[in-house]
Every structure is written in structure tokens, then in C-alpha cells.
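Visitor: Predicted model and sequence follow; I will ask about them next.
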Amino acid sequence: MASALTIIIADDHPLFRGALKQALTGMAGNPDIVEAGDFEAARKAAAANPGADLMLLDLAMPGVSGLSGLISLRAEFQSLPVVIVSASDDAATIRRALDLGASGFISKSASIEDIREGISSVLEGNIYTPGFYVRGPEQVSEVADLIARLRTLTPQQSRVLAMLAEGLLNKQIAYELGVSEATIKAHVSAILLKLNVDSRTQAVIQLGKIGAAQAAA
């Protein structure tokens, strides 16, 4: 009999993936677990498991910078709930992850019981945050404005922006997305307009500011 649940664990630390697996194997339904050790593997796992119920995503993984990975995954796999699992569990990071589409946030310092509670809550359709988290307004007005602008991007524009952040050229992005280079140029122009910047370099710098603000918080 096939498992009712499929959960993707995306974290580059094998020991922590093991801890998450331990938490999941004690849950009802005995979920199927798919592991990914870097961001590209996480993308491939999501693509190979279109019916997956949940992804547990580390913020700091090879192949991606901070919250840009969340933006990219939410754009590409809109029906897949993503829960951030991170050691960076300050209020600013949690709030920004939720604002950018995360279905929950679990601290890496959480107990196995709390991890199970968080996963179960999200699977039930809720947004989960640690008990110590108190939501407040964004303290950095520039970041608040940037997040509002990022949320106006279409899913395809969000994917293109994430690929720009990875250093890909227009022709490489076009190949990856299976569209013409002219289409990518149009997306880039729309992204620059929505982010109120003049160049793709400035767009990538803007995206990096979320991570920089997160590190400084």
C-alpha cells in the first residue's frame, strides 16, 4: 500500500536530515521521505514528486542564497507548501519567510515533538510559527517595500529573478525555461520596472538585501 504522504527534506547537513527523518517516521501515516542535499536537488525532487505534500527547506544550502530559494520554489511549485527549517530563527527572518510565501517556520533548535507539531499543523492547512515568535511590523522600511514589490512579480518573473541571482545569462534562462530569449528579455524588463531598478545587477543586489538584512537582524 502506497504511503499517503510524501515529504521532501532539503538540507545540506546529513545529520540534520537524519533528525528530521526521525521526527517524520514517528508521525501518523508513515510518510515517504525524499532527501535533497542542495538547492538543485531540491528543485529536482519537487519536479519528480508533483504530488508531494510538503517541503522542509533549509535557508542556507549550496546553490542558493537565503530567501531567494524560497521565492524560486514558491514560483515554480505553487501547490507545494514549503516550511523553512533554519537556525536563523529571529523574528525578522521568520516574518520575511512568511511574507514571501512560506507555510511555516521551524527552528533547528526545536525538539522532535515541536517539529512534529509544526509539520502536522501545516499538513492540516495552518501556518506554523515557533511558540516564541511574536509577529510585528517589518522594522526595515526598505525591506518592507522590497517584499511588497517582489510579491507583485508573476510566478515566471520570480523564477527569472532567482535565476538572475544565480548568475545565469538570458540565453541560459531561456533554455532552462523552454522559452525564447526575447521572452526572457521581456520578463527582465518587467522585473526591473516592478523593482524600480535600472539593471539586472541592481535587481540581484535588491534581492540580496533581504538576506543581508536577515544576517544583520
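Guide: Alright, I've got the coordinates.
Visitor: What are the neighbouring residues in contact with the residue nearest the centre of the chain?
Guide: Computing the C-alpha centroid of the chain and ranking residues by Cα atoms, centre = their mean puts residue 70 first, at 1.6 Å. When contacts are counted by Cβ atoms under 8 Å, 6 or more residues apart in numbering, residue 70 touches 57, 59, 82, 84, 97, 100, 101, 102. Bear in mind the C-beta positions are built from the backbone N, C-alpha and C, glycine included.
Visitor: swap the cut-off to 7 Å and go again
Guide: The contact partners of residue 70, by Cβ atoms under 7 Å, 6 or more residues apart in numbering, come to 57, 82, 84, 97, 100, 101, 102.
Visitor: Just put the residues you listed in JSON lines and tack on distance to residue 126, secondary structure and pLDDT.
Guide: Shown next, in JSON lines, are the contacts of residue 70 (distance: Cβ to Cβ, whole Å; DSSP: H, G, I helix; E, B strand; the rest coil; pLDDT from 0 to 100):
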{"residue": "57", "distance to residue 126": "18", "secondary structure": "strand", "pLDDT": "94"}
{"residue": "82", "distance to residue 126": "14", "secondary structure": "strand", "pLDDT": "96"}
{"residue": "84", "distance to residue 126": "15", "secondary structure": "strand", "pLDDT": "94"}
{"residue": "97", "distance to residue 126": "15", "secondary structure": "helix", "pLDDT": "92"}
{"residue": "100", "distance to residue 126": "18", "secondary structure": "coil", "pLDDT": "90"}
{"residue": "101", "distance to residue 126": "15", "secondary structure": "coil", "pLDDT": "92"}
{"residue": "102", "distance to residue 126": "13", "secondary structure": "coil", "pLDDT": "95"}
